[in-house]
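Novice: Please work out how this folds:
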Amino acid sequence: MHIDVKNYTYEEMPEYSDVIPGAHHIIMNKKELSLEYVPDIIYDEDNNLHLYMIMPGVFQKPDHRFPCIVYVQGSAWHKQRTQVKVPYLSALAKRGYMIAIVEYRDSSIAHFPCCIEDTKKAIRYLQNNRDTYHLTDDFIVAGDSSGGHTAAMTAVTANTGLFGGKVSIKGCVDLYGAVELTLEDGFPTTLNHQQADSYEGKYVGYDIRDHYQEAIKANVKTYAHDLNVPMLIAHGTKDRSVFCQQSVNLYEALKKEGKDVDLYLIDGADHGGAAFWSEEMISIYDAFMKKCLNKQ
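Specialist: Below is the predicted model of the structure:
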């Protein structure tokens, strides 16, 4: 087959039509979404904080807009390795979600509630730049471990003036979040649990055992009454880092307040890992998010 060399549009480009013995043809269904990873988007110049985005189908569908998952990476409230969940989160991006991974001030820089304030600031930045990033008005906050705590705290205070003020979100996914810092056995393998030099102690800035009433303000269930969006919680039953009782307590507190909440306990799962990103779990997250978007 021979063609003229010129500046073809996609529609003008002739289909290759020679019959090649032994060649296999695959039919393109035209529903596949290409993905692009765009790092280092500054959303807070004062604190030099960034977003790391996984963008689906932007060049295929330049006029299309996508709902956004604002994701908070777990890091024990230390400096985040924002790229580690990109392979997993890409599976959700392929389902038609824009992913924005949030960098926040870590516990060596600032204490509770800095992570929540930063996450809300990131959400507002994205909402104010919806056209630039091909976004709809639909935002869901999600996170794992300490990021699960931040995501859940963002959700339960989204409709209040607390911790950075109000933001408009439509749902929350909390994956094995460290949501109850005052639970006595909440961190099974942290030998200095709740002490000032523990992960959670560094986050709040004090020995939790000596400041119990103050530390309650950092527990998600403290604000269970204020949640006004659906929440999905997932936790492993053999989590050695964050005892799954934390998630159970939050689930029960939200149910008691009549909130829309689902709890998935993954039998045998430790703290994170591939079990939370199986095809089954991706489909569960996707169905939950679609429910949130259709509910409003």
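Novice: mind listing the strands for the stretch 151-296 of the chain?
Specialist: All strands of the stretch 151-296 of the chain, identified by DSSP state E, counting those that start in this stretch, fall at 171-175, 231-236, 261-266.
Novice: out of those strands, nearest to residue 94?
Specialist: strand 171-175 (16.7 Å; CB to CB). For the C-beta atoms, the positions are set from N, CA and C on the backbone; glycine is no exception.
Novice: Name every strand pairing with the closest one and say which way it goes.
Specialist: strand 135-144 (parallel), strand 231-236 (parallel) (DSSP bridges).
Novice: The strands of the stretch 151-296 of the chain: which one's closest to residue 243?
Specialist: Short answer: strand 231-236, nearest of these by CB to CB, at 8.9 Å.
Novice: List the contacts of the closest one.
Specialist: 152, 155, 171-177, 242, 244, 246-248, 250-251, 254, 259-266, 268-273, 275-276, 281, 284-285, 288 (CB atoms under 8 Å, 6 or more residues apart in numbering).
Novice: Of those, select the buried ones using a PyMOL command.
Specialist: Buried members of the contacts of strand 231-236, defined by 16 or more other CB atoms under 10 Å, are picked up in PyMOL with:
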select buried, resi 152+155+171+172+173+174+175+176+177+242+244+246+247+250+251+254+259+260+261+263+264+266+269+271+272+276+281+284+285+288
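Novice: re the thing from before, will you turn the strands paired with strand 171-175 into JSON lines that also has mean pLDDT?
Specialist: Formatted as JSON lines, the strands paired with strand 171-175 follow (pLDDT from 0 to 100):
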{"stretch": "strand 135-144", "mean pLDDT": "97"}
{"stretch": "strand 231-236", "mean pLDDT": "98"}
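Novice: Same list (these) but as TSV, adding mean neighbour count and distance to residue 200.
Specialist: TSV is the format used below for those (neighbours: other CB atoms under 10 Å; distance: least, CB to CB, whole Å):
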stretch	mean neighbour count	distance to residue 200
strand 135-144	23	16
strand 231-236	25	17
